[in-house]
Structures are given as C-alpha cells and as structure tokens.
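[1] using only what follows, build the 3D model:
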Amino acid sequence: MTAGRGAALAVGVVFGLTLCWSGMSDPEVIRGALLLEQSYLFLFFASAVLTAAVGQALLRRVRARALLADEEIVVSRQQPERRHVVGGFVFGLGWGVANVCPGPIATQLGEGIPWALFTMTGVVVGILIFFRRGEKETEPASDGHEKQSARPQPRPRIREEPSGVG
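    Numbers count the residues shown, from 1 in each chain. The predicted structure follows:
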C-alpha cells in the first residue's frame with residue numbers, strides 16, 4: 001500500500017469512527033435535527049465548519065503544500081451557480097427522506113445495519129446517472145464538433161512515480 005493510500009485509509013477510519021461516536025450514523029439523531037427538535041447535530045456541523053474555516057485561512061496564510069503530492073494547496077472561490085442549488089436541493093431531499101447522507105451510510109454498512117444497503121444503492125444509482133448525463137453532454141454533435149459541457153472537468157489524478165529503490 002502506498003503512503004497516499006495508507007493516509008487516505010487512516011483518515012477514512014478516523015472519520016468513520018467520529019461519525020459513529022458522534023451519533024451521526026443514527027437515523028433517530030439525524031431525524032431529530034432535521035425536525036429541529038435537537039440542536040446537537042447543528043452544533044456539531046458548526047464546529048466542523050469553524051474548524052475548516054480556520055484551517056483554510058491558515059493554509060492560505062502559510063502557502064502550504066500538500067504532504068503527499070508536494071503541490072501548493074490552492075483554494076479557489078466560486079460564485080454559486082444553478083447546478084449548486086439543484087444539487088443542494090437533491091442532496092437535501094435525499095437526506096430528508098433517508099435520514100442519512102453518504103458518510104453515515106458507509107458507517108452504517110460497517111456497523112452491519114441492513115437498510116444501509118438500500119440507501120447506498122440509491123447513492124450509487126444517483127452517481128451513475130450523474131456521470132452518464134455528463135458523458136452525453138460531451139458526445140459529438142450532429143455537425144461533427146464536440147459539444148462542451150458546462151460542468152467543470154475533474155482534475156487529473158497525480159501519478160505516483162516509482163521510487164527507484166529496489
């Protein structure tokens with residue numbers, strides 16, 4: 001396992017444990033927050049946003065570099081677009097119906113909760129629909145020119161070079 005994958009695994013395990021410990025994988029806790037009966041999750045979210053904002057400001061100030069990719073960390077600002085609003089609406093609708101979002105679905109699977117298979121299936125189907133829609137937007141047009149998608153293209157993955165030690 002490469003260092004990058006090991007670090008990603010460690011972050012994922014810590015994140016999953018935090019979700020379980022905080023109660024964010026429990027649909028009753030999520031339902032209570034969505035019905036505005038409990039402030040616990042909102043305070044938890046607020047602390048996460050505050051932590052991220054402070055961390056982002058520090059990264060900008062010191063012009064930090066990524067530990068594993070050795071690239072400068074660039075945080076860009078983007079004006080909200082229609083796709084952000086629609087995506088937020090769909091995400092919120094799914095969250096309200098299922099009482100869970102993708103992170104807690106993974107922790108529920110890890111906890112052995114059977115209904116998480118259905119919600120994870122919904123997430124996977126939604127992702128597949130999203131990618132297929134994006135593929136259709138870049139198919140060649142009838143005039144032979146390629147149609148350009150308005151959606152930003154994903155950044156290319158960083159290739160790991162062999163270390164030369166052997």
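[2] how does the protein divide into domains?
    1-38+80-138, 41-77 (automatic domain parsing).
[3] rank these by mean pLDDT and give me the bottom one.
    Per-stretch mean pLDDT for these is lowest at domain 41-77 (a mean of 81).
[4] tell me how far it lies from the chain's centre.
    Offset of domain 41-77 from its chain centre (C-alpha atoms, centre = their mean, to the nearest Å): 15 Å.
[5] deepest of the domains of the chain, which one?
    domain 1-38+80-138 (a mean of 14; mean count of other C-beta atoms under 10 Å). Placement of C-beta: from N, CA and C, glycine included.
[6] now do that domain: distance to the chain's middle.
    Counting by C-alpha atoms, centre = their mean, domain 1-38+80-138 comes out at 8 Å from the chain centroid.
[7] my read is that Cys101 contacts Gly92, right?
    No: the pair Cys101 / Gly92 is not scored as a contact, 9.4 Å apart, by C-beta atoms under 8 Å.
[8] tell me which element Met41 falls in.
    You called it Met, but residue 41 is Leu. For Leu41, the element it lies in under DSSP states H and E is helix 40-62.
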